[in-house]
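Chemist: Need coordinates for the below:
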Amino acid sequence: MSEMNVQKFHKALSKQGYLCTQEFTDKVYCALSKKPMSITMLIGQAGTGKSFLPETLGDVLKCNVYVKQAYQGMDWDEFVRKHVPDENTKSGIKSIDAELLRAVQESQESKVILLLDEWDKTRISSDSYFLDFLQTGRISVSGQKYQANLDNLIIFFTSNNERDISEPLLRRVKVIEVEHLPVNLVANVLKKRYEKDATGMKMIEPVLKLYYTSMRSNMDKPATIQELCDLINDWIMYTSQNRDPNWEELVYVNITKNERNHLALQKAIKDDEDNKDKEVFDKSLDSDYFNVAVDIDEDEEVDEGIMPRMMKLRNINPNFECSTEDDKEDIYVEIERTDDAYTSAYIEAIDEGKEVTEPQFVGWNTIKSNVIQRSKPYHLREILSEWNKFNRMVNQDGAVVFYEQFVDRDDIISLIENSYGHIRKGSDDKVIFRIYGKDNSYPKKNKKPEINGRWKRNEGCEIVCDSRALTKLQESVLESNWYADRKNYLSFSDMQQNIHDATIRDTRYVQLRSLGHNKNYLNVVVNGEGCYNDELSYHVNLVRSGEAKVKETSRTTTYDMGWAVVQSWHKKDKPNYKSHIVIKERPSTSNDMFSVKLVRGKLGAVQHRIPIFVNMDISQFDKCDRNMYEETSSSRVLVRKDDKGLRTYVINAYDRTVFMIESEDKNNLGLAFDFADTLRDIRDKTLELIC
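Modeler: This next block holds a predicted model:
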């Protein structure tokens with residue numbers, strides 16, 4: 001911004017049609033000068049011009065603007081890759097760099113703006129994916145590294161406040177509140193526009209009062225300048241033809257546009273007439289307060305129980321209704337700060353490969369004076385397979401949030417029956433329930449620790465557990481049989497063999513539904529081989545060949561092969577006790593690839609066939625053509641073998657249909673990936689499957 005001062009910058013914005021106050025311009029000017037990279041979060045209501053600002057800056061700074069529009073449930077892959085039609089590929093689709101990567105590459109040569117619009121529509125977990133990129137400008141996609149020129153890349157997020165932005169992300173950005181234009185600025189614009197029209201000038205005062213009242217109302221958004229001009233223009237048209245304009249009708253047509261907004265405007269007018277003015281937010285602060293440094297190690301007592309606070313944060317009211325609003329804060333664990341709690345947080349961060357550069361930010365955990373907060377929920381099965389970390393919490397004041405996306409209503413009923421729980425409110429699409437812990441586990445008399453849960457169709461189950469009820473929750477989950485492998489991780493080869501033999505049982509369905517639900521071809525945590533790395537031939541060959549980036553510690557081994565990432569965990573006398581396998585894209589079909597052998601070995605793949613899963617709507621099971629799909633010994637499993645060497649199993653998992661696709665030839669994986677791409681494309685675009 002050295003080429004222009006802040007006054008010239010303000011004039012340049014106005015010249016390009018972006019109207020704002022000098023104070024607002026000052027904030028934007030400073031944000032563009034932020035080092036090491038200009039990153040700004042624009043927060044405000046719809047219609048305030050958040051998205052228009054970066055687009056205008058592109059004209060002012062004479063640079064390209066790349067816009068990525070977010071939407072509900074958007075996956076991380078969609079920020080870096082776009083799938084476009086291509087008749088030259090087998091699947092009819094090819095993958096190209098999305099706006100983010102194009103902006104990063106262009107920043108090497110020139111200044112560029114990246115706009116991530118309506119960021120608050122993404123999942124809370126999306127915030128964490130950007131943290132390293134916002135700090136370093138570095139990003140890795142499918143094994144290829146991209147590095148932005150931090151001096152040239154300007155990033156804007158916009159948010160309508162539909163959800164809170166995580167604290168780690170906020171630390172990396174400047175936050176600018178974008179408010180609707182002040183009345184005096186709107187007045188200046190209207191006076192300039194209608195200075196040569198006497199009828200228009202007469203309408204400015206009532207229109208300004210309308211604008212002022214719309215800002216103080218509960219309308220979806222206040223009136224925009226264009227809407228005010230539309231109203232004035234209609235008034236001018238009617239009067240020029242000697243007709244009497246209907247003020248209320250013009251307001252409805254141009255400003256409120258629906259009954260709810262119109263009623264909100266009427267109420268605001270009445271409240272104003274009754275002198276029921278709303279309080280004005282005063283941002284003034286006592287400057288002397290900031291002359292005293294804060295002691296981050298100061299110990300404070302936990303005055304009240306954490307469980308009620310967590311219930312409020314998660315918007316779960318077990319006695320009445322379940323809120324449909326998004327989570328107010330991204331807090332999923334809040335536990336009394338003790339040595340045990342900090343130890344668990346630190347070990348967990350190290351095992352997940354997180355760097356701990358500051359002792360108060362430990363992986364997903366933020367260490368505060370009296371509590372430790374975690375910004376990521378635990379998967380429910382972890383209370384079985386990772387009990388040691390929760391065992392440290394059972395005698396402390398705290399609350400832990402667990403999540404299981406792939407349970408249906410019948411699974412919830414089974415959990416409640418086996419734990420002697422209670423349904424507080426239920427329907428076909430939503431169930432709110434409560435389970436009580438043991439009497440002797442809570443320090444307060446006549447009060448049992450609670451486990452409160454909320455299940456929503458197609459969204460899964462969220463459980464808020466008092467830390468003193470964790471043992472009860474573990475017992476309840478064991479009794480429910482949601483996880484057939486009980487305390488261990490998934491025995492993937494057993495499930496694959498069960499599907500081959502058509503002997504899949506109800507206890508497998510929760511885990512089966514979790515396969516093939518996202519943009520990855522496979523994302524699963526499985527039992528490890530139980531032996532040391534040097535005893536695994538594919539590990540030794542992979543290290544020597546350089547086919548993967550291998551990072552080894554005494555606790556973990558990570559293989560980044562580009563098309564797939566595998567991480568294994570070790571403990572004393574328990575080497576390779578679990579593995580996390582993510583297949584992101586198709587590999588080469590060469591049998592000589594050690595990375596393919598590694599994935600086969602970690603999965604324990606039956607007959608060395610790596611299966612691909614696609615999770616679809618339950619209706620797809622009945623749509624399968626029985627002339628093409630053969631019946632098996634189970635009424636819930638169909639199989640199809642074609643002459644191209646492709647084998648497809650279709651499983652009725654009660655509320656989902658799961659496809660498992662294998663290539664008969666273990667060295668020709670492309671067939672399975674091609675068919676999986678076809679199914680996923682149909683699912684994502686039409687939700688219809690023609691078999």
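Chemist: number of nearby residues for Leu190?
Modeler: Look at Leu190: counted by other Cβ atoms under 10 Å, it has 22 neighbours. (Glycine included, C-beta is placed from N, CA and C.)
Chemist: Excluding chain neighbours, give the residue nearest to it in space.
Modeler: Ile204 (5.0 Å; Cβ to Cβ, 6 or more residues apart in numbering).
Chemist: What's the separation between the one you found and Leu250?
Modeler: 15 Å (Cβ to Cβ, to the nearest Å).
Chemist: picking that back up, and the residue nearest to Leu190, that's in a strand?
Modeler: No: counting by DSSP: H, G, I helix; E, B strand; the rest coil, Ile204 is located in no strand; its state is helix.
Chemist: Next, find the distance separating it from Cys63.
Modeler: On the measure of Cβ to Cβ, Ile204 and Cys63 end up 37 Å apart.
Chemist: list the contacts for the residue at the greatest distance from the centre of the chain?
Modeler: Taking Cα atoms, centre = their mean, the residue of the chain most remote from its mean C-alpha position is Asn242, at 56.8 Å. Asn242 makes no contacts at all, as judged by Cβ atoms under 8 Å, 6 or more residues apart in numbering.
Chemist: Please spell out which residues along the helix or strand where Asp622 lies are buried.
Modeler: Applying DSSP states H and E as the criterion places Asp622 in helix 619-623. Neighbour-count burial for helix 619-623 flags 620-621 (criterion: 16 or more other Cβ atoms under 10 Å).
Chemist: Quick check: what element follows that helix along the chain?
Modeler: strand 630-631.
Chemist: who does that next one pair up with?
Modeler: Strand 630-631 has its sheet partners listed here by DSSP bridges as strand 637-641 (antiparallel).
Chemist: Check what contacts the partner strand and list those residues.
Modeler: 499, 502, 504, 621, 624, 626, 628-632, 646-652, 664.
Chemist: helices and strands of this structure: which one bottoms out on pLDDT?
Modeler: In the chain, no helix or strand scores lower on mean pLDDT, DSSP states H and E than helix 306-313, which sits at a mean of 66.
Chemist: Just the mean pLDDT for the next helix or strand after that helix, thanks.
Modeler: Going down the chain from helix 306-313, the next helix or strand is strand 333-336, by DSSP H and E. Strand 333-336 carries an average pLDDT of 88.
Chemist: How about stretch 470-481?
Modeler: Mean predicted confidence for stretch 470-481 is 91.
Chemist: Can you give me the buried ones in that stretch?
Modeler: For stretch 470-481, by 16+ other Cβ under 10 Å, it's 470-474, 476-477, 480-481.
Chemist: Return the member of these nearest to Ala31.
Modeler: For those, the residue nearest Ala31 by Cβ to Cβ is Leu470; the value is 44.2 Å.
Chemist: quick one: contacts of the helix or strand encompassing the closest one?
Modeler: Following DSSP H and E, one finds Leu470 within helix 470-480. Helix 470-480 has contacts (Cβ under 8 Å, 6+ apart) with 380-381, 383-384, 387, 390-391, 393-394, 400, 402, 411, 414-415, 418-419, 421, 435-438, 441, 449, 451, 463, 465, 483, 486-487.
Chemist: Just the buried residues from the residues you listed, in ChimeraX please.
Modeler: A single ChimeraX command suffices to select whichever of the contacts of helix 470-480 are buried according to 16+ other Cβ under 10 Å:
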select :380,381,383,384,390,393,394,400,402,411,414,415,418,419,421,435,436,437,441,449,451,463,465,483
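Chemist: Can you give me the neighbour number for Ser545?
Modeler: 12.
Chemist: residues touching it, list them.
Modeler: Ser545 makes contacts with Phe594, as judged by Cβ under 8 Å, 6+ apart.
Chemist: picking that back up, same question for the helix holding Asp622, mean pLDDT?
Modeler: Helix 619-623 carries an average pLDDT of 87.
Chemist: Which secondary structure elements does that helix sit against?
Modeler: strand 646-652, strand 656-663 (3 or more Cβ pairs under 8 Å, 6 or more residues apart in numbering; DSSP states H and E).
Chemist: Off-centre distance for it?
Modeler: 29 Å (Cα atoms, centre = their mean, to the nearest Å).
Chemist: Ok, stretch 497-508 next?
Modeler: 32 Å.
Chemist: how about that stretch: buried residues?
Modeler: 498-500, 502, 504, 508.
Chemist: Next, format these as TSV and append pLDDT.
Modeler: Formatted as TSV, the buried residues of stretch 497-508 follow (pLDDT from 0 to 100):
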residue	pLDDT
Asn498	91
Ile499	91
His500	92
Ala502	92
Ile504	87
Arg508	84
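Chemist: quick check, nearest of these to Val6?
Modeler: Arg508 (63.8 Å).
Chemist: so the closest one touches Asp485, yeah?
Modeler: No: under the criterion of Cβ atoms under 8 Å, Arg508 makes no contact with Asp485, lying 9.3 Å away.
Chemist: Quickly list what's touching both of the two.
Modeler: With Cβ under 8 Å, 6+ apart, Arg508 and Asp485 have no common neighbours.
Chemist: who's in contact with the closest residue to Lys571 other than its chain neighbours?
Modeler: Nearest non-adjacent residue to Lys571, counting by Cβ to Cβ, 6+ apart: Tyr577, 6.0 Å away. Neighbour list for Tyr577: 527-528, 530, 569-571 [criterion: Cβ under 8 Å, 6+ apart].
Chemist: Could I get the full set of strands for the stretch 151-300 of the chain?
Modeler: 153-159, 174-177 (DSSP state E, counting those that start in this stretch).
Chemist: and His262, which of the helices and strands packed on helix 619-623 is closest to it?
Modeler: strand 656-663 (43.5 Å).
Chemist: just to revisit the earlier point, reformat the strands of the stretch 151-300 of the chain as a markdown table; add distance to Asn518, mean neighbour count and mean pLDDT.
Modeler: Below are the strands of the stretch 151-300 of the chain laid out as a markdown table (distance: least, Cβ to Cβ, whole Å; neighbours: other Cβ atoms under 10 Å; pLDDT from 0 to 100):
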| stretch | distance to Asn518 | mean neighbour count | mean pLDDT |
| --- | --- | --- | --- |
| strand 153-159 | 23 | 24 | 94 |
| strand 174-177 | 30 | 16 | 92 |
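Chemist: Next, format these as TSV and append distance to Leu190.
Modeler: As requested, the strands of the stretch 151-300 of the chain are arranged in TSV below (distance: least, Cβ to Cβ, whole Å):
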stretch	distance to Leu190
strand 153-159	27
strand 174-177	24
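Chemist: Which stretch among those strands approaches Leu115 most closely?
Modeler: Closest among the strands of the stretch 151-300 of the chain, using Cβ to Cβ: strand 153-159, at 4.9 Å.
Chemist: Direction included, what does that closest one pair against?
Modeler: strand 38-43 (parallel), strand 112-117 (parallel).
Chemist: out of those strands, nearest to Arg600?
Modeler: Using Cβ to Cβ, the strands paired with strand 153-159 put strand 112-117 closest to Arg600, at 38.1 Å.
Chemist: Mind giving me the packing neighbours of the helix or strand that comes right after the closest one?
Modeler: Tracing the chain past strand 112-117, the next element assigned as helix or strand by DSSP H and E is helix 126-129. In terms of contacts (3+ Cβ pairs under 8 Å, 6+ apart), helix 126-129 is packed against helix 167-170.
Chemist: need the helices for the stretch 151-300 of the chain, in chain order.
Modeler: 167-170, 183-193, 198-215, 225-240, 247-251, 259-273 (DSSP state H, counting those that start in this stretch).
Chemist: mind listing what's buried in stretch 526-534?
Modeler: 526-529, 533.
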